[in-house]
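# Sharing a sequence plus its predicted fold:
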Number of protein chains: 2
Amino acid sequence: MNTHTVKVVKSILANNDVVAELNRRRLVEAGVVAINLMASPGAGKTSLIIKTLEALRGRARVGVIEGDIAGSIDTEKVLTAGAQDAVQINTGGNCHLEANMIQTALESLDLSQLDLLFVENVGNLVCPTQWALGEQLKLCILSTAEGHDKPVKYPEIFAISDLIVLNKMDLVELVDFDRSFFYDSLKALNPTVPVFEVSCRTGAGIPEFAESLLKYKQARP
Amino acid sequence: MNTHTVKVVKSILANNDVVAELNRRRLVEAGVVAINLMASPGAGKTSLIIKTLEALRGRARVGVIEGDIAGSIDTEKVLTAGAQDAVQINTGGNCHLEANMIQTALESLDLSQLDLLFVENVGNLVCPTQWALGEQLKLCILSTAEGHDKPVKYPEIFAISDLIVLNKMDLVELVDFDRSFFYDSLKALNPTVPVFEVSCRTGAGIPEFAESLLKYKQARP
């Protein structure tokens, strides 16, 4: 790859940052806290959204933007679970969401009717880290089934996240997940990041996680 | 993104295909069957390599190329488990392996001493599908913990794979994995692809999988 190629990549990213900043301002003006959910396929992004919707029912109006390569299974699920509004983005083959996709999705949401907006990124621990969307919070979900070594192998996503959710705690004993190893390597990358241990299957830890989002929103009316 | 950008991306991919073809010829001439292992983070790529190494001990000489964003944990593990030879590629931040990385890695392996070569791609269900490495077999590993809906959400990788391994079968009852849904959606994408159900934790299904690789190699002396 030559210098010319690098230049092109930089200009795409620069343009993305401009659109992300426009999205961010629009969300802040509307008083909507947007959370960019990033995780491997199957770590529990949609499940966490659904459980949080249930926990916040009647206390917050939650919108969802679903990003997937293909399909609309998740959007149907979150609407059934009580999302105020939801939009599906099909990326075609793109491995991450970009700011212009969010800009388009925001057109079809009534932001005045929302307090929180979950943006479910494409399942991928690598590429989404490079693309700002305009979110206020970056949330990384890891499931215990993926293994305790993931911060060592995918450092960037753990370093830049504002919140970490450790999901599938109901499996922690069954999958030889070494908590000390996980927390030591995470703290080396991101010393103060809050970690919520949850099980979307049993519901354990969900109230505390949902409460923290609500408090974040209440501090930004 | 303008037309100019698309042109650059195309030329990078075209160049990748040229190098991949050189790798492929070199491997075929040496009688080495190379397998490109693609999966989400934590699906069990390294565990499958380790279990297969154990199953094939004394019957096949197996090399490993480990691709990771960072770290060399896996290379140490596979050497301990009996790999004939192993090389670590650190991609820096790249979300997939490319043919030129494999070309460089092949320089440090004595191919005349190998029968099989596992190439462990970066954990990612999306980007590795676009980059040929010179492999004879593309293998996709899905773990039951990731969920039965993955072929619907990440169709490309399931469509192009020559072999599928469904790992973590020991968790299948605990994670509500719907086998019918999985097999129906997989068959719609790739009707004849062989699927091996295994548990790298218990060892179930590993002998059958290892045997299939050995047979493939024996058919290509």
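The structure has been received and is ready for your questions. Numbers count the residues shown, from 1 in each chain, chains lettered A, B, ... in the order given.
# List the contacts of residue A:21.
Residue A:21 makes contacts with A:132, A:134, as judged by Cβ atoms under 8 Å, 6 or more residues apart in numbering or on different chains. In this view, the C-beta of every residue, glycine as well, is placed from N, C-alpha and C.
# For the most centrally placed residue in chain A, list the residues it contacts.
The residue lying closest to the centre of chain A (Cα atoms, centre = their mean) is residue A:37, at 0.7 Å. Residue A:37 makes contact with A:45, A:48-49, A:118-121, A:139, A:141, according to Cβ under 8 Å, 6+ apart.
# Show the residue spans covered by the strands in chain A.
A:33-39, A:62-68, A:85-90, A:116-120, A:137-143, A:163-167, A:195-197 (DSSP state E).
# For the shortest one, name the packing helices and strands.
Applying 3 or more Cβ pairs under 8 Å, 6 or more residues apart in numbering or on different chains; DSSP states H and E, one finds that strand A:195-197 makes contact with strand A:163-167, helix A:206-218.
# The first one vs strand A:137-143, what angle?
It stands for strand A:163-167. Orientation of strand A:163-167 against strand A:137-143 (axes from the mean of the first three to the mean of the last three Cα atoms, to 10 degrees) gives an angle of 20 degrees.
# Mind giving me the packing neighbours of strand A:163-167?
helix A:45-55, strand A:137-143, strand A:195-197.
# how about these in JSON lines, adding mean neighbour count and mean pLDDT?
Formatted as JSON lines, these follow (neighbours: other Cβ atoms under 10 Å in any protein chain shown; pLDDT from 0 to 100):
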{"stretch": "helix A:45-55", "mean neighbour count": "23", "mean pLDDT": "97"}
{"stretch": "strand A:137-143", "mean neighbour count": "25", "mean pLDDT": "98"}
{"stretch": "strand A:195-197", "mean neighbour count": "18", "mean pLDDT": "98"}
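# Can you say which of those is nearest to residue B:190?
Judged by Cβ to Cβ, the one of the helices and strands packed on strand A:163-167 that comes nearest to residue B:190 is helix A:45-55, at 24.3 Å.
# ok, is that closest one in contact with chain B or not?
No - for helix A:45-55, no contact with chain B is found by Cβ under 8 Å from any Cβ of the partner chain; the gap never falls below 9.1 Å.
# I would like the residues contacting that helix, please.
A:37, A:39, A:62, A:64, A:66, A:74, A:77-78, A:81-83, A:118, A:120-121, A:123, A:141, A:165, A:167, A:198, A:200-201, A:203, A:206-207, A:209-211, A:213.
# Only the C-alpha atoms, please, for stretch A:204-221, written as PDB.
Only the C-alpha atoms of stretch A:204-221 are listed here, as PDB (Å, rounded to 0.1, in the frame of the first residue of the first chain):
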ATOM      1  CA  ALA A 204     -28.700 -10.400  37.100                       C
ATOM      2  CA  GLY A 205     -26.900  -7.000  37.100                       C
ATOM      3  CA  ILE A 206     -29.400  -5.400  34.600                       C
ATOM      4  CA  PRO A 207     -31.100  -3.000  37.100                       C
ATOM      5  CA  GLU A 208     -27.700  -1.500  38.100                       C
ATOM      6  CA  PHE A 209     -26.700  -1.100  34.500                       C
ATOM      7  CA  ALA A 210     -30.000   0.500  33.500                       C
ATOM      8  CA  GLU A 211     -29.900   2.800  36.500                       C
ATOM      9  CA  SER A 212     -26.400   4.100  35.500                       C
ATOM     10  CA  LEU A 213     -27.700   5.000  32.100                       C
ATOM     11  CA  LEU A 214     -30.700   6.800  33.600                       C
ATOM     12  CA  LYS A 215     -28.400   8.800  35.900                       C
ATOM     13  CA  TYR A 216     -26.200   9.700  33.000                       C
ATOM     14  CA  LYS A 217     -29.200  11.000  31.100                       C
ATOM     15  CA  GLN A 218     -30.700  12.900  34.200                       C
ATOM     16  CA  ALA A 219     -27.400  14.800  34.500                       C
ATOM     17  CA  ARG A 220     -27.900  16.000  30.900                       C
ATOM     18  CA  PRO A 221     -31.400  17.300  30.600                       C
END
